[in-house]
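Undergrad: Provided below for reference: sequence and predicted model.
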Protein chains: 2
Amino acid sequence: MKQAADFYIPTFDDVLRARERIEPYIHRTPVLTSTYFNELTGAELFFKCENFQKAGAFKVRGASNAVFGLGEDQAAKGVATHSSGNHALSLSYAAGRRGIPVSVVMPRTAPEAKKAAVRGYGGEVFECEPSTTAREAMLEELVARSGADFVHPYNDHRVIAGQATCSLELSEDVGELDAIVAPIGGGGMISGTCLAMSNRSPQTEIYAAEPKNADDAYRSFHAGKIIEDDAPQTVADGLKVSLRPRTWHFVSSHVKDVLLATEDEIIDAMYLTWQRMKIVVEPSSSVPLATIIKNRGIFAGKRVGVILTGGNVDLKKLPWNSN
Amino acid sequence: MKQAADFYIPTFDDVLRARERIEPYIHRTPVLTSTYFNELTGAELFFKCENFQKAGAFKVRGASNAVFGLGEDQAAKGVATHSSGNHALSLSYAAGRRGIPVSVVMPRTAPEAKKAAVRGYGGEVFECEPSTTAREAMLEELVARSGADFVHPYNDHRVIAGQATCSLELSEDVGELDAIVAPIGGGGMISGTCLAMSNRSPQTEIYAAEPKNADDAYRSFHAGKIIEDDAPQTVADGLKVSLRPRTWHFVSSHVKDVLLATEDEIIDAMYLTWQRMKIVVEPSSSVPLATIIKNRGIFAGKRVGVILTGGNVDLKKLPWNSN
């Protein structure tokens, strides 16, 4: 059910160019395996550790591709975005590496630690009222004033091509995979995964893993059109946003299925990952493993890539301590 | 001030044999680097990640060397030890891999989670009253009854040769190092480090990092003889034990200095490691980094190996949440 599109769809060539462009600024993150999780799931799992990525998450791939792809004139005017999460950090990091201005619109209610982290990477924070209208109005005003380039967290072909470099690396490092499971929020990572694998290894099935409490992608997938969530509440705070046309294009045409996990399943998978693999991953990163554990019938006996998307978490407020 | 010894001192050949013997049962753990910590310390740091090791700590190296070095007759009678920490887990893991019995004497007051973990690896737990006398009496009785081989957590030449394989790998993977910093408790890891590096790279200086609250090695080092701690209290629970003759031999002859860190410094270094490197390390592992941060004058401008000894920590009782 591939859709006609009135916007530019990134190609595999864009992915290869993105890889070359961002290579000096990102880590080629390691792939870890775990005897424990292989036994638990019956599958052979390959964990792509984007929690070890620069700025702590895969988002730096797309952000760097956008920032370093700008011409000199546009670059001098800087970049801007709205985000209170990893995209804000990543865009600030990338802009800092290029030495250009970066403006980030964040709700005034966002945690001070997140504002401080963005400033730590050199980003300028603009606080708005916590509503979509206020956020978009402030961003528009900023862009009109400075001429900054708006880099959307996921509904941007440069961002999708950048995120695609992640599964490209995974595939090169571990060889043929039967499936890849990645979290889905706005769909940037999953779109990049579809883009990379549909070209490099079309037989690899792509599964999107989503919190049951924010199941807009699941409902969109089954309805055949974008359905938006209304202020969902989930521990996987990176996955609250909804699909947009550029990501819906990939989700609707390449994703094999959308699998859901409950809050408890996500927290259990996160806890087990910390305990057994000794790595710090954020809740959003644990949704894929949670869905693999509960869908043994799909994955047992298969070689499965798992994208651990990030590791930015408040160590003083861990979800298993708040019960 | 090399001492005459009336016990067998392991040689570099023993280390090479240990490496070959244990290779099928352990991980060759990765070495991580961190731009953040390099900038913070002024040094170039190479973190040897034994938190990713089998059973979650370097101790599996020495335990495996002891277990897989046994002749068939002795092996059939099993192994025994006293430990409520990583050595208990590691010996149980190694014995389980060889399929031989393993008895572990633990104080009845030890956390149930630790007893369960030992049993999970196939170890049989024998509970004793929480005193040195009771522990040694029960171990002696066990050994007399079963003929099991007593594998001391560190005062054992097979264990020291096994631990030495850790810095041997580190040195091979990153090349010439100006210094290595490892935690010191009973001295098994630091002795192995001295053994490996004095043969492989004699110019590399070995620093032992110790909690100020359990500074028996520091006091021993300066007194020129073993001084024992009396029930020290420190968050670095793997480092409460005291030196013994086989480890004192290496500490007294090869260690450049013993550096101390306070409880707050240890917890801060641990927190920063989790936050910045996205890895789970136990408090004992963070003592080296804590001493490097506070001794910039010693380490700035140098290539420094840091042994992250383990990652076995109660995720529900993190030290920064208990303040």
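TA: Perfect, I can see it now.
Undergrad: elements contacting the strand or helix carrying A:Ile293?
TA: Here A:Ile293 sits within helix A:287-294, counting by DSSP states H and E. Using 3 or more Cβ pairs under 8 Å, 6 or more residues apart in numbering or on different chains; DSSP states H and E as the contact test, the elements touching helix A:287-294 are helix A:35-41, strand A:179-183, strand A:205-211, strand A:255-261, helix A:263-277, strand A:303-308. (Glycine included, C-beta is placed from N, CA and C.)
Undergrad: any chance of these in TSV, plus mean pLDDT, distance to chain B and mean neighbour count?
TA: Listed next are these as TSV, based on pLDDT from 0 to 100; distance: least, Cβ to the nearest Cβ, whole Å; neighbours: other Cβ atoms under 10 Å in any protein chain shown:
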stretch	mean pLDDT	distance to chain B	mean neighbour count
helix A:35-41	97	9	15
strand A:179-183	98	17	28
strand A:205-211	98	20	26
strand A:255-261	98	20	20
helix A:263-277	98	6	20
strand A:303-308	98	9	26
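Undergrad: could you dump the helix holding A:Ile293 to CSV, C-alpha only?
TA: Taking C-alpha atoms only, helix A:287-294 is exported to CSV below (Å, rounded to 0.1, in the frame of the first residue of the first chain):
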residue,chain,number,x,y,z
VAL,A,287,10.2,-1.3,24.2
PRO,A,288,11.7,-3.6,21.4
LEU,A,289,13.1,-6.1,23.9
ALA,A,290,9.8,-6.1,25.8
THR,A,291,7.9,-7.0,22.6
ILE,A,292,10.4,-9.7,21.7
ILE,A,293,10.1,-11.3,25.1
LYS,A,294,6.3,-11.5,24.8
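Undergrad: Just checking the distance from that helix to the centre of its chain.
TA: 17 Å (Cα atoms, centre = their mean, to the nearest Å).
Undergrad: re earlier: for A:Ser220, which of the helices and strands packed on helix A:287-294 is the nearest?
TA: Checking these against A:Ser220 by Cβ to Cβ gives strand A:255-261 as the closest, at 8.4 Å.
Undergrad: Which positions are bridged to A:Ser103 in the beta structure?
TA: A:Ala80, A:Glu124 (DSSP bridges).
Undergrad: got a list of what it touches?
TA: Counting by Cβ atoms under 8 Å, 6 or more residues apart in numbering or on different chains, A:Ser103 touches A:78-81, A:123-124, A:126, A:142, A:146, A:148.
Undergrad: Bridged to A:Ala57, which residues?
TA: Assessed by DSSP bridges, A:Ala57 has beta-bridge partners A:Gly310.
Undergrad: how about the helix or strand of chain A with the lowest mean pLDDT: buried residues?
TA: The weakest-scoring helix or strand in chain A, judged by mean pLDDT, DSSP states H and E, is helix A:112-120 (a mean of 90). Under the neighbour-count criterion of 16 or more other Cβ atoms under 10 Å in any protein chain shown, helix A:112-120 has A:114-115, A:117-118 buried.
Undergrad: ok, those vs chain B, which is closest?
TA: Distance to chain B across the buried residues of helix A:112-120 (Cβ to the nearest Cβ) is lowest for A:Ala117, with 10.5 Å.
Undergrad: my read: that closest one touches A:Asn86, true?
TA: No: between A:Ala117 and A:Asn86 there is no contact under Cβ atoms under 8 Å: 9.9 Å.
Undergrad: got the contact list for A:Asp14?
TA: A:157-158, A:161 are the contacts of A:Asp14 under Cβ under 8 Å, 6+ apart.
Undergrad: ok, now how distant is it from A:Lys302?
TA: 29 Å (Cβ to Cβ, to the nearest Å).
Undergrad: Likewise for A:Thr262?
TA: With Cβ to Cβ as the criterion, A:Thr262 and A:Lys302 are 23 Å apart.
Undergrad: cool, and A:Gln74?
TA: In terms of Cβ to Cβ, A:Gln74 sits 44 Å off from A:Lys302.
Undergrad: A:Gly310 now?
TA: 25 Å.
Undergrad: okay, these two: which has more neighbours?
TA: Set side by side, A:Gly310 and A:Lys302 show more neighbours around A:Gly310, with 31 against 16, by other Cβ atoms under 10 Å in any protein chain shown.
Undergrad: Go ahead and confirm that one touches A:Gly56.
TA: Yes: assessed by Cβ under 8 Å, A:Gly310 is found in contact with A:Gly56 at 5.6 Å.
Undergrad: what is in contact with the two at once?
TA: Taking Cβ under 8 Å, 6+ apart as the criterion, A:Gly310 and A:Gly56 both touch A:Asn86.
Undergrad: ok, the residue of the stretch 51-200 of chain A found nearest chain B - how many residues close by?
TA: Using Cβ to the nearest Cβ, the closest approach of the stretch 51-200 of chain A to chain B is made by A:Asn51 at 4.6 Å. Residues contacting A:Asn51 under the criterion other Cβ under 10 Å number 25.
Undergrad: Need the three-state assignment for it.
TA: At A:Asn51 the chain is in helix, as set by DSSP: H, G, I helix; E, B strand; the rest coil.
Undergrad: OK, contacts around the nearest residue to it once chain neighbours are set aside?
TA: Excluding the flanking residues, the one nearest A:Asn51 by Cβ to Cβ, 6 or more residues apart in numbering or on different chains is A:Gly311, at 3.0 Å. Residues counted as contacts of A:Gly311 (Cβ under 8 Å, 6+ apart) are A:51-52, A:56-57, A:279-282, A:285, B:278.
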